[in-house]
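Colleague: have a look; sequence and predicted model below, questions after that.
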Amino acid sequence: MTTTPALSVRSLGVNFGSNQVVKNLSFDVYSGKTTAIVGESGSGKSVTSLAIMRLVEYMNAEITSGTILFHRDASGSQPQDLTQLSDKAMRKIRGKDIAMIFQEPMTSLNPVYTIGDQITEVLVLHEKLTQDAARIEAVKLLKLVRLADAEALLKRYPHQLSGGMRQRVMIAMALACRPKVLVADEPTTALDVTIQAQILTIMRDLQQELGMAVIFITHDMGVVAEMADQVVVMRHGEKVEEASVEEIFARPQHPYTQALLAAVPKLGSMQGEALPRMDPLVVLDGNVARTLGESRQQDTARTDAAPVVEIEKLVTRFDIRKGFFGGISHRVHAVENVSFSIFPGETLALVGESGSGKSTIGRTIQQLQESTSGTIRFGGKAVADMSRAEKMRLRQEVQYIFQDPFASLDPRKTVGFSIAEPIRTHGLLHGAKAIRQRVNQLLERVGLSADQAERYPHEFSGGQRQRVCIARALASKPKLIIADEALSALDVSIQAQIIHLLMELQQDEGLAYLFISHDMAVVEKMSHRVAVLHLGQVVELGERRAVFDSPQHSYTRKLLSAVPVANPAQRQERALLQGDILSPIRKVGDEPHHMPLVQVAAGHFVAQEVGSAERLAS
Amino acid sequence: MVIAVTLIVSFAIRLTGDPAVMLAQGAGSITEADLERIREALGLNQSFLAQYIGFLRGLVVGDFGRSFMGGTPVSDLIGRALPATLALAFASLFVSIVVSIPLGIKAAVSRGRWPDQMIRIFSLIGLSFPNFWLAIMLVLLLSITFNLLPPSGMEGFSSFIMPAATMGIILTATNVRLVRTTMLDTLRSQYIMVARAKGLSNTVVLYKHALRNCSIPLITYFGLQFGGLLGGIVVVERVFNWPGLGTLAFEAVSARDYPVLQGVITVLSLMIISINLLVDIAYGLVDPRVRKE
């Protein structure tokens, strides 16, 4: 490229105290182009974005070396070194020439000020507009990010908006002064996939319109493939590789990049295959990417046997009360008329976006949540007819793995204690020695070592903690494990290892999984059958191959089309997906219509869309 | 709520002894018959329940009865003392808020560095003072040694300074810590980083974006504190001879003047209840999430 970059970072170093978190980092961003910085947790990518904004100093970190040159225009005027500017001079640049979008749209807007206040604030500050002029401009900005009814929106507060809307407000705020450089730190990570697709499309369109240079920070290779021109791969604070997006995906040079790309589940990679496939793991051994294990078909589902669990016409609703003495005014229709069964050795995936009821189904099966109606049968017997002892036994046979491995282990107990707890509770083994042996064996089973039993959760990484949670779930010899977004909080390389572990356990122990996830690519890789949920109802249910290769319901198709594909060659010009995620909250008396399921092929059921076409396909 | 408080107080107060004996003490030789006449005149010969119902009946129409000592209507006594106490209470709260918010914010922003350490040490010292001791020290220093301020009474602005400072310092000591902790929490929020990323100045970020988000826990605490403040005022009013409810209550206790004490306690509990109501209203004002749709 011959033009001057809008921003060039040279030999940047950032320290937290004596701990260097960014080392000798250099890269450029050009106007109208996107440089993606990818890496896993602890790679220093977010710190880099805050260093560019000179916001690291508010986190007790400091820039220790290097320059960040900002070229106000491409004509070769004198660049400014952002690392040398006074805080006052930097404040004139922040929000005006260089703006930033943050990861968590739910927390990045100030809850006590209106949307209007927060957008106009920037305009009054940098553009010296009057309040009235700023409001007019704010309306334009909200329209720019495709938000309808912009005038009314100005008077609303953040909590009245959905996550996707908030992120669009955040983008409008960042673009208020038409910045030359936009830093986007994981802007879509916390969003549902259809909303992510919306935001990405909007960002790309606006980049073209305004000719911004964009620094896009993400861990998601699919998003990188879709957004980036240039890719910087970071690990442990250092750049390990930089290349154009095509090069990175086609010919990754560094072993870390190779391992990272191998670990990314790619939607569509299972096309035509009937069974889930356990792929070999690519791990980084020193400085070489090595392949472990071999490819194997996961032929574990015993559909001829009696199902482990059968769910029939399950309904779970929550009442919402207004006021202190007020009656029930609204209900959350979390689960509506859901039926399915899971066979031994089978993985059934529940997929859907927020509010689809997928987690509630898991919790209801585990009896952490009372159902409103419907039956749950274990081994042919309805839970409602079970005695107390039988229900207790059920708690042993059904185990749960939660999303957040940090929150689901007691920080004051050793992991050995946590793993032994179900053994003691259900009286499976007696005597300290026998229990200890079993705990050690379980730790080794999940790829940890027996001597780690005496350690506390904070001494483990996220992936290791999730292994501990799996060991704890295995402790009571369950038949069914409900994994509720169990992989979502993990880095992709760790995620690949845990998928591997779960499939291995299924092979060896004949476990059935209810795999609850929003990640279509992971679901494709792991499951035998898939149920797609929307507003508490199953809209499509069938063999994984049938659902993924020939999706019949418009919502399934919408979900699949929204997933970013980790292949820049397949970058699609997708039309802007319209609409927000619908809410399952309805007024009392306004019961949702149950869509009957129609069998379109053997074992492939699709909800009828007649009469509800516009609601579901919106 | 009011019923519960007054019932307990009316009962407890009668455990302290016989007011008739107190009244008669000055009169030399007293016979049991004399005492009985006094009790009858004061209505003390009735059962506790009857006395209490009589008190409640009066309360409904705003009549607290008459003082045993001198027969002045209790409502007049309270009417004279209440403004003095309220003035002092609000002055103290004002002092503490005006001092503790900037100091607490300063401490939070410079966490771990010297301004924070200094503020925390001062807060610890403030917490360790008993209020009466601090009051006496202030009187010794500012009134007796330097003769700057009037040592007692309520006459003009200068007489407010020492009592309000005494209460204010004690309150500030705790409030500074509360402001610091809530501020530290709030400063970790992402919208604070977003506000900084907009290029806003430190003052705007702290006092516009952060402070209002801190205000829910602060308002809750200041509201609760008001109750404690009224308790503490009793002692401070004594030291400064402040003509407020505290002094009135103190004298009523020494004289076993049931109606006055019952009246004072009732008024105080009504005030605490209304403060809590005001606190709930304030929530809605500062935080839109609390407002009804």
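Modeller: Structure's in. What do you need?

Colleague: roughly how far apart are the residue nearest to residue A:453 when sequence neighbours are not counted and residue A:462?
Modeller: In space, and not counting its chain neighbours, residue A:453 is closest to residue A:416: 3.1 Å by Cβ to Cβ, 6 or more residues apart in numbering or on different chains. To be clear about C-beta, it is placed using only N, CA and C from the backbone, and glycine gets the same treatment. Distance of residue A:416 to residue A:462, computed by Cβ to Cβ, to the nearest Å: 19 Å.

Colleague: more crowded one of those two?
Modeller: residue A:416 (23 against 15; other Cβ atoms under 10 Å in any protein chain shown).

Colleague: so the more buried one is in which element?
Modeller: Under the criterion of DSSP states H and E, residue A:416 resides in helix A:415-425.

Colleague: check which helices and strands that helix sits against.
Modeller: Other elements packing on helix A:415-425 under the criterion 3 or more Cβ pairs under 8 Å, 6 or more residues apart in numbering or on different chains; DSSP states H and E are helix A:432-445, helix A:462-475.

Colleague: deepest of those, which one?
Modeller: Among the helices and strands packed on helix A:415-425, helix A:462-475 has the highest mean neighbour count (mean count of other Cβ atoms under 10 Å in any protein chain shown), at a mean of 23.

Colleague: check which element follows the host helix or strand of residue A:136 along the chain.
Modeller: Applying DSSP H and E as the criterion places residue A:136 in helix A:131-144. Using DSSP H and E, the next helix or strand after helix A:131-144 towards the C-terminus is helix A:150-154.

Colleague: is that next one up against chain B anywhere?
Modeller: No. If you take Cβ under 8 Å from any Cβ of the partner chain as the test, helix A:150-154 misses chain B, and the best it gets is 13.8 Å.

Colleague: related to what we said a few turns ago, for chain B, find the nearest of the helices and strands packed on helix A:415-425.
Modeller: Closest to chain B of the helices and strands packed on helix A:415-425 is helix A:462-475 (Cβ to the nearest Cβ; 20.4 Å).

Colleague: next, residue 253: phi, psi?
Modeller: This is for chain A. For residue A:253, the backbone dihedrals are phi -90, psi -50 (criterion: degrees, to the nearest 10).

Colleague: look up phi and psi at the residue lying closest to it once chain neighbours are set aside.
Modeller: Leaving out its chain neighbours, the residue that sits closest to residue A:253 by Cβ to Cβ, 6+ apart is residue A:241, at 5.7 Å. Dihedral pair for residue A:241: phi -160, psi 150, per degrees, to the nearest 10.

Colleague: spatially central, which residue of chain B would that be?
Modeller: The structure's chain B has its C-alpha centroid closest to residue B:230; by Cα atoms, centre = their mean the separation is 1.8 Å.

Colleague: show the contacting residues for that residue.
Modeller: Neighbouring residues of residue B:230 by Cβ atoms under 8 Å, 6 or more residues apart in numbering or on different chains: B:85, B:89, B:245, B:268, B:271-272.

Colleague: returning to what we had before: may I see the buried residues of the helix holding residue A:416?
Modeller: For helix A:415-425, a neighbour-count test (16 or more other Cβ atoms under 10 Å in any protein chain shown) marks A:415-420, A:422-423 as buried.

Colleague: tilt between that helix and helix A:432-445?
Modeller: 120 degrees (axes from the mean of the first three to the mean of the last three Cα atoms, to 10 degrees).

Colleague: what does chain A put close to chain B?
Modeller: A:50, A:53, A:55, A:58, A:90-96, A:99-100, A:102-104, A:107-114, A:121-122, A:125-126, A:157, A:159, A:170, A:173.

Colleague: from those residues, which would you call buried?
Modeller: For the residues of chain A next to chain B, buried by 16+ other Cβ under 10 Å: A:50, A:53, A:55, A:58, A:90-91, A:93-96, A:99-100, A:102-104, A:107-114, A:121-122, A:125-126, A:157, A:170, A:173.

Colleague: strands along the stretch 101-250 of chain A, start to end?
Modeller: A:181-185, A:213-218, A:230-235, A:238-244 (DSSP state E, counting those that start in this stretch).

Colleague: adding distance to residue A:11 and mean pLDDT, write those strands out as JSON lines.
Modeller: JSON lines is the format used below for those (distance: least, Cβ to Cβ, whole Å; pLDDT from 0 to 100):
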{"stretch": "strand A:181-185", "distance to residue A:11": "19", "mean pLDDT": "94"}
{"stretch": "strand A:213-218", "distance to residue A:11": "17", "mean pLDDT": "94"}
{"stretch": "strand A:230-235", "distance to residue A:11": "14", "mean pLDDT": "94"}
{"stretch": "strand A:238-244", "distance to residue A:11": "11", "mean pLDDT": "94"}
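
Colleague: of these, which is nearest residue A:64?
Modeller: Nearest of the strands of the stretch 101-250 of chain A to residue A:64, taken as Cβ to Cβ: strand A:238-244 at 14.4 Å.

Colleague: right, and residue A:222 touches residue A:570 too?
Modeller: No. Between residue A:222 and residue A:570 there is no contact under Cβ atoms under 8 Å: 10.4 Å.

Colleague: the two - which one has more neighbours?
Modeller: Neighbour totals were compared for residue A:222 and residue A:570, and residue A:222 leads with 20 against 13 (other Cβ under 10 Å).
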